[in-house]
Every structure is written in structure tokens, then in C-alpha cells.
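A.B. asks: Need coordinates for the following:
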Amino acid sequence: MTKLIIDGIEVDVPAEYTVLQACEAAGAEAKERVRAQTAAAIAEGAFGVPTLLVDGELFWGFDAFGDIDARLRGDDPLDDAALRRWHDLEASSVRRAVRPAATVSPGPNPPRARDDAEGAPRATIALRPREPADDERHFVWQSDPVQVATTVPARTRAEFDAWIAKITADPSVTLRTITADGEVVGTINTFLLGDERYIGYRVANEHWGRGIGTEAVRLMLRLDPVRPLFATVLARNTASQKVLARNGFVAFRDQASDDGPEVVLRLD
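C.D. replies: Here you go, the predicted model:
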């Protein structure tokens, strides 16, 4: 038998067990912790084992341990001469910076959100403070039938203006505008709902499928460090659930709403 410690939980397992079999033997709590930690690692960009995150930098592979030692000592793992050689190498091909956005037309059966269906963004994504001129775009987005099919019902003009006035006056709300290569493409905020803090976002549907939501959530998580952080998503909106999972959120509870079944996700 071999004694394994899985995130503080000790378990005796046969020596030939795989990690997955060991987690099964450890019980549901260990399995859930492994799932959450795996999701968090993927959200940070981990793609193999071993991957270590040190001061915001990823190091992959056993041969990177020397580089980690250098980083922890405060030394630069790469020498200037090597960097110059790499910098001067001629590129054999160049990837397009931005893939043209698909046009989505509302119909009798609106498509589900495709936001982030294809991974990392091909544009430079940034969050900036909301400006009053952004509100008109936001109002148009939230009124779009395609958007309404995946999130909360649209507000009337008066309801929208009152809501904007309320959240911009609330010091507990962190509200940002999402830009892609400088173009306004969405909005994101964190806010209190009772004793729990939540995150919500919206990306214009003509920009779905470009990885913008995933990157915007990642940036907001750096801006707002409060944990735990929750998110409420309609159960049918699997695209937004994937966006949140890529950033380390895990399913926490199910609940009913006037708009249909919802999933509450949580990030610790």
C-alpha cells in the first residue's frame, strides 16, 4: 500500500493505483478538490504536468526547475545573448491578429451564445472604466433577442437608465467596459447580492466565439480579489458556463428562476 496526501486528505491506496483511482478511493471531497484545482490550473494556462505558477509566470517541465530556482533567487533565467538570438530569428509564418467576427441574425430559434467557443482571443482585450457614452451600446445589446435568450430579460429604457444610475452610485459595484483592440465590445461587473459577491458580463453577440468573455473574466478576477465569488447562469447557457469554468469556477448549486433553471457557480 502507498499513503497519498490529496490536498490534506490522507488515503492508503495500492501502489499500482493511478491518480484518478487514488482520488476515487479518497472519496467525493478529494475528487471535487482535484476537479476544482484542475479547472483553476487550466484557467491559468497549464497544459501539462508538471506545471508550476511562480509570481504569475508559468514554468512547465522538469527541465524548468533550474529556471524556477533562478526566478526565486531574483535572477533572470534567460541571458541577454540568448534573447537577442531569438529576437533576430526570421518568422516562418505570421498568424492573423483578429479573425473576422461572424454575423449573427436573430430568428425564430435564436442560437445559443458562442462566446469563447474557440479558445484564446485573437485581439488585445482590456477593461477600462465605464463611460456614459458606453451606456447606449449596452442598452442595445441587452435588448437584442439573441442576448435575451441566454441571459436576463431586457429592461425598458427607463428601467435601464435607473439601473445604470443605481450601480454607478454604488461603491460596492466594480463596473468596467470590455474593449477588443480599442473597440467597445462588452461590459462586466462585480456586485453584492445579499452576503455574496457576484460577477456578471455581457459580450456583443457579433463578437461571440473570439475568446473575449474568457479573457475579460480573467482580467476582472485580477481587478476584484474578493473570494468566494459567485456567478449565476441559465442552465441552457452552456457557453457562459464554459467561460467561467475556464477561469476556475465550479458548479455550486442549482436554483429555479422566472427565466428557467439556473446554475450558480463559485470561485474560491
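
A.B. asks: List the buried residues in the longest helix that the chain contains.
C.D. replies: Secondary structure of the chain read by DSSP state H shows that its longest helix is helix 28-44. For helix 28-44, a neighbour-count test (16 or more other C-beta atoms under 10 Å) marks 30, 33-34, 36, 39-41, 43 as buried. In this view, the C-beta of every residue, glycine as well, is placed from N, C-alpha and C.

A.B. asks: Just put these in JSON lines and tack on pLDDT.
C.D. replies: JSON lines is the format used below for the buried residues of helix 28-44 (pLDDT from 0 to 100):
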{"residue": "30", "pLDDT": "70"}
{"residue": "33", "pLDDT": "74"}
{"residue": "34", "pLDDT": "73"}
{"residue": "36", "pLDDT": "76"}
{"residue": "39", "pLDDT": "75"}
{"residue": "40", "pLDDT": "76"}
{"residue": "41", "pLDDT": "77"}
{"residue": "43", "pLDDT": "73"}
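
A.B. asks: what's the farthest-apart pair in the residues you listed?
C.D. replies: Between all members of the buried residues of helix 28-44, the longest pairwise span (C-beta to C-beta) is found for 30 and 43 and amounts to 20.4 Å.

A.B. asks: picking that back up, now the longest helix of the chain - C-alpha only, CSV.
C.D. replies: Listed next in CSV are the C-alpha coordinates belonging to helix 28-44 (Å, rounded to 0.1, in the frame of the first residue of the first chain):
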residue,chain,number,x,y,z
ALA,A,28,-16.1,12.7,-3.1
GLU,A,29,-14.4,15.6,-1.2
ALA,A,30,-11.0,14.8,-2.7
LYS,A,31,-12.4,14.3,-6.2
GLU,A,32,-14.1,17.7,-6.0
ARG,A,33,-10.9,19.4,-4.9
VAL,A,34,-9.0,17.8,-7.7
ARG,A,35,-11.6,18.9,-10.2
ALA,A,36,-11.5,22.5,-8.9
GLN,A,37,-7.7,22.6,-8.8
THR,A,38,-7.6,21.2,-12.4
ALA,A,39,-10.0,23.8,-13.6
ALA,A,40,-8.0,26.6,-11.9
ALA,A,41,-4.8,25.2,-13.4
ILE,A,42,-6.3,25.2,-16.9
ALA,A,43,-7.6,28.7,-16.4
GLU,A,44,-4.0,29.8,-15.6
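
A.B. asks: Given the very next helix or strand once past that helix, what are its sheet partners and their directions?
C.D. replies: Later in the chain than helix 28-44, the nearest helix or strand by DSSP states H and E is strand 51-54. Partners of strand 51-54 in the sheet, by DSSP bridges, are strand 57-60 (antiparallel).

A.B. asks: The helix or strand following the partner strand: how far from the chain's middle?
C.D. replies: Next helix or strand after strand 57-60 toward the C-terminus (DSSP H and E): helix 65-73. Centroid displacement of helix 65-73 relative to its chain, using C-alpha atoms, centre = their mean, to the nearest Å, is 28 Å.

A.B. asks: Check the spacing between the residue lying closest to residue 256 once chain neighbours are set aside and residue 56 real quick.
C.D. replies: The shortest distance from residue 256 to any non-neighbouring residue, by C-beta to C-beta, 6 or more residues apart in numbering, is to residue 262 (7.2 Å). Distance, residue 262 to residue 56, using C-beta to C-beta, to the nearest Å: 33 Å.

A.B. asks: likewise residue 39?
C.D. replies: Distance of residue 39 to residue 56, computed by C-beta to C-beta: 18 Å.

A.B. asks: Give me the phi and psi for the residue nearest to residue 256.
C.D. replies: Residue 262 adopts backbone torsions of phi -120, psi 160, taken as degrees, to the nearest 10.

A.B. asks: Tell me how many other residues surround it.
C.D. replies: 16 (other C-beta atoms under 10 Å).

A.B. asks: just residue 233 next, same as before
C.D. replies: With other C-beta under 10 Å as criterion, residue 233 counts 23.

A.B. asks: what about the spatially closest residue to it that is not a sequence neighbour, distance to residue 152?
C.D. replies: Here the nearest residue to residue 233 in space, its sequence neighbours aside, is residue 240; by C-beta to C-beta, 6+ apart that works out to 4.8 Å. Distance of residue 240 to residue 152, computed by C-beta to C-beta: 12 Å.
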